[in-house]
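Asks: fold the following, please.
(one chain, ligands or ions: 1)
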Amino acid sequence: MTTTDLDCLELVKRVHPDFRAVWERAALQDQIALARYFLPKRSAKEVVEPTRPKVIKWYCPFAAQHVFPSGHRYCINSYVGCAHNCAYCYANGYTLDRVCPKEGFEKLVDKDVSDLEEFEVPAAPVHLSNSTDALQEGLESRYRHTRYALERMLDHRRRFTTITILTKNPGLPVRDGYLNLFKELNVLTLDNPKRKVFEREGLPALQVEVSLAFWREPARIFYDPGAPSVEDRKAAVVALAGARIPIVLRIDPLFPRSPVAGHKSLADFGLEEAQTLDDLRGLVAFAKQVGARHVVYSPVKIIQPRRRKMTDAMVRMKQVYRAMSYPEKPVWRGGSFRLSKDIADRDIVLPFLRICEEAGVKAKFCMTNLVETP
Ligand code: SF4
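Replies: Modelled structure (predicted):
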C-alpha cells in the first residue's frame, strides 16, 4: 500500500456520517479509489464531504444515505438551468434562474474520465441530468455537450454501468442521429466488471427516461410551457422504441384531480385540469404500447424556488393542497410542501396504481426507480 493509499484511508475516516455508508460497503481498494475521486484531499476540515468541482459528480450532495440510499452513482448536469420552464420544476429549489452552457464543459469531462481511469474507480450508474434537461433543444442542438459526454463514456465504458438519460425532448436524439450512439452505449464492453451480471439478468446498459406527464395539450401548455408537445414526444418515443432503445415513461409528477376536497374543481383554483383518470389511462396504455420497461411516478411537490417567487400555478396548487389537507396543513419537508402520505396515496397515487395494475404495466416510485437502477 502506498503513502497516498494510506492518506486516502485516513481521509475516509473523516467522511461525514451522511455519506459514510458508501465507503463502508466498498472493498478496501475501492474505498481508496472513491476517496481519491470524490474527497477534497487537501481539506483541513475535520469532517469532509464528497464535493468534487468537476462534472461527473456525486449523485445527490443534499441527501443523507440513510434517507436516500443512492450509493455510488454519478450525475452529470450538461447545462446550467432548463428552458422547459415547467411550473413544478424541482430544480428551482436549489438552482438560479439562468439557462446557459457550462464553460469548459468538454475539458472538465475529459479530466473526470481520465481521473476515473487513473484512480481505478469502480463502475457505477450515471444519470443525465438532475437539474437540467440534457437534451433541451436550444442548448444541445448548438453545443452538443450531452453528446460529447456520452461519447467519452463510450470510450471509457468500463467505468460506468447503467447510463440513464432523462428528457422531455426525445425528438432531438431521434432527429439528430444519436440512436447509434445509444445502441453502442447499451452494450457493456468485455472489460466492464458488471457485464456478466447485466447479461445474466437481462438488464439494459442504457435507458432513456422520457418525461410525459400529460395526455392533453392544454395541460401540457399550462404546466410544461417550454417543453415539446404531447404529440411530438409520443412520436419520438415510438421512434425510440422502434430502434429498440430501452424506454422508461415518467408519468411524473402526478397531480390532484377534480373534485378537490369533495366539491371544488381545479378550475375553481384557476388551474388547468392536469390529469383526468382517462388521461392517466391513455398514458399508461401508451407506455404498454411502446414496451416501456416500467413507468415512474411521484406526487407533485410544491417547491419554494431559490431566491425568487413561486410560479403562479404553484401558488394555486398550494391552495389545492391546503384544501385537500384541511383541517391539517400540507407537510413542509426538504424545501417543498407535500400532501401527507395518507392523503397523497388515497387521492393521487392509488387510483394511478390501479390503472397500471389493470393495464399490466409495472410502476415504480421515483426514488425506488433510482436506487434500483444498478
Ligand atoms: S424539464 Fe426538468 S429540469 Fe427542466 S424545467 Fe422541467 S422539471 Fe425542471
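
Asks: switch to C-alpha atoms for all contacts and neighbour counts from now on
Replies: Will do.

Asks: how about the residues of the chain near the ligand?
Replies: Of all the residues in the chain, those in contact range of the ligand (CA under 6 Å from any ligand atom) are C82, H84, N85, C86, C89, A91, S131, T132, D133, K168.

Asks: again, only this time at 8 Å
Replies: Taking CA under 8 Å from any ligand atom, the part of the chain that reaches the ligand is made up of 81-92, 129-133, 167-168, 211, 224, 227.

Asks: now which of those would you call buried?
Replies: Judged by neighbour count, with 16 or more other CA atoms under 10 Å as the criterion, the buried members of the residues of the chain next to the ligand are 81-84, 86-92, 129-133, 167-168, 211, 224, 227.

Asks: the ligand versus E199, what's the distance?
Replies: Counting by CA to the nearest ligand atom, to the nearest Å, the gap from E199 to the ligand is 31 Å.

Asks: hang on, that residue in a helix?
Replies: Yes: applying DSSP: H, G, I helix; E, B strand; the rest coil, one finds E199 inside a helix.

Asks: next, count neighbours for it.
Replies: Residue neighbour count, defined by other CA atoms under 10 Å, stands at 13 for E199.

Asks: who does the lengthiest strand in the chain touch, helix- and strand-wise?
Replies: Of all the elements of type strand in the chain, the one with the most residues (DSSP state E) is strand 160-167. Strand 160-167 makes packing contacts with strand 124-128, strand 206-211 when contacts are defined by 3 or more CA pairs under 8 Å, 6 or more residues apart in numbering; DSSP states H and E.

Asks: Serialize these to TSV and add fields for mean pLDDT.
Replies: Formatted as TSV, those follow (pLDDT from 0 to 100):
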stretch	mean pLDDT
strand 124-128	98
strand 206-211	98
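
Asks: and of those strands, who's closest to Y59?
Replies: Nearest of those to Y59, taken as CA to CA: strand 124-128 at 7.9 Å.

Asks: average pLDDT for the following helix or strand past the closest one?
Replies: From strand 124-128 onward toward the C-terminus, using DSSP states H and E, the following helix or strand is helix 137-143. Per-residue pLDDT values across helix 137-143 average out to 97.

Asks: now stretch 194-201
Replies: Across stretch 194-201, the per-residue pLDDT values average to 97.

Asks: now stretch 70-78
Replies: Averaged across stretch 70-78, pLDDT comes to 96.

Asks: mind starting the numbering at 46 from now?
Replies: All set: I'll call the first residue 46, so the last point we hit is now stretch 115-123.

Asks: how far does it sit from the chain's center?
Replies: A distance of 9 Å separates the centroid of the chain from that of stretch 115-123, by CA atoms, centre = their mean, to the nearest Å.

Asks: ditto for stretch 362-377
Replies: In terms of CA atoms, centre = their mean, the centre of stretch 362-377 is set 26 Å apart from its chain centre.

Asks: cool, and stretch 231-250?
Replies: Centroid separation for stretch 231-250 versus its chain: 22 Å, with CA atoms, centre = their mean.

Asks: pull the residues that contact it.
Replies: Contacts with stretch 231-250, where a contact means CA atoms under 8 Å, 6 or more residues apart in numbering, come from A168, R202, R203, R204, T206, T207, I208, L230, L251, Q252, P291.

Asks: need those in JSON lines (columns: neighbour count).
Replies: Conversion of those to JSON lines gives the following (neighbours: other CA atoms under 10 Å):
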{"residue": "A168", "neighbour count": "19"}
{"residue": "R202", "neighbour count": "24"}
{"residue": "R203", "neighbour count": "21"}
{"residue": "R204", "neighbour count": "22"}
{"residue": "T206", "neighbour count": "27"}
{"residue": "T207", "neighbour count": "25"}
{"residue": "I208", "neighbour count": "26"}
{"residue": "L230", "neighbour count": "24"}
{"residue": "L251", "neighbour count": "24"}
{"residue": "Q252", "neighbour count": "23"}
{"residue": "P291", "neighbour count": "22"}
